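> With the sequence up front, the predicted model follows.
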Amino acid sequence: DSIRSYREIIKEKGQVLSFETKIEEPVFLDGDYQRLVQLMKILIDNAYKYSPNHSQITLVLSELEKEYCLTITNPSSHFLHPIEAGEMFQAFHRGKENQVDGNGLGLTIAEQIVKRHNGRIVFQLISDTQVEIAILFPKESK
């Protein structure tokens, strides 16, 4: 639902949003559907807003030994410093890209949604201008 709601908006910037799953069997996450959709919309919106025109935004769902992992990878429209990357989940942090609409609460809210679903969220720099956010949810213990 989240990906579908952004397809037209992303086309306006000439961006491409791709989704790949490396999981063969259906996976069900027990959680609050509305909050999980909100989480995805926050992350896709950030990738859209902070990526330059004509860029690729990639979502990959994979299975690790004890967790399911969704990564969102996108180029950043400005150079990121490691210190700045460490501040990404702080409220009102907007980096150096102040021309972008928003109030700096998106990733803070995203982090809270993930934590309330017993998961974790990790922001990392792949390169000076490439970022990745990984959301990891534990597999259900059987």
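Received the coordinates, thanks. Numbering: from 1, shown residues only.

> Where does the prediction get shaky in the protein?
Scanning the chain for pLDDT under 70 picks out 77-104, 141-142.

> now the residue nearest the centre of it, nearest residue through space, not along the chain?
Nearest residue to the geometric centre of the chain (Cα atoms, centre = their mean): L43, 3.5 Å. Counting by Cβ to Cβ, 6 or more residues apart in numbering, I72 is the residue found nearest to L43 once chain neighbours are left out, at 5.1 Å. Glycine gets a C-beta too; all of them are placed from N, C-alpha and C.

> who are the neighbours in contact with the one you found?
By Cβ atoms under 8 Å, 6 or more residues apart in numbering, the residues touching I72 are 43-44, 47, 57-59, 132-133, 135.

> quick one, phi/psi of it?
phi -120, psi 120 (degrees, to the nearest 10).

> From I9, how far out is it?
Distance, I72 to I9, using Cβ to Cβ, to the nearest Å: 16 Å.

> show me where this protein has strands.
For the chain, the strands defined by DSSP state E cover 16-21, 56-63, 67-75, 120-127, 130-138.

> Distance to Q34 for those - can I get that in JSON lines?
Formatted as JSON lines, the strands of the chain follow (distance: least, Cβ to Cβ, whole Å):
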{"stretch": "strand 16-21", "distance to Q34": "20"}
{"stretch": "strand 56-63", "distance to Q34": "19"}
{"stretch": "strand 67-75", "distance to Q34": "17"}
{"stretch": "strand 120-127", "distance to Q34": "18"}
{"stretch": "strand 130-138", "distance to Q34": "16"}
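
> nearest to D32, of those strands?
Within those, the stretch nearest D32 is strand 130-138; the backing value is 12.6 Å (Cβ to Cβ).

> For this structure, which segments count as helices?
Here the chain has its helices, by DSSP state H, at 2-12, 33-50, 82-86, 106-116.
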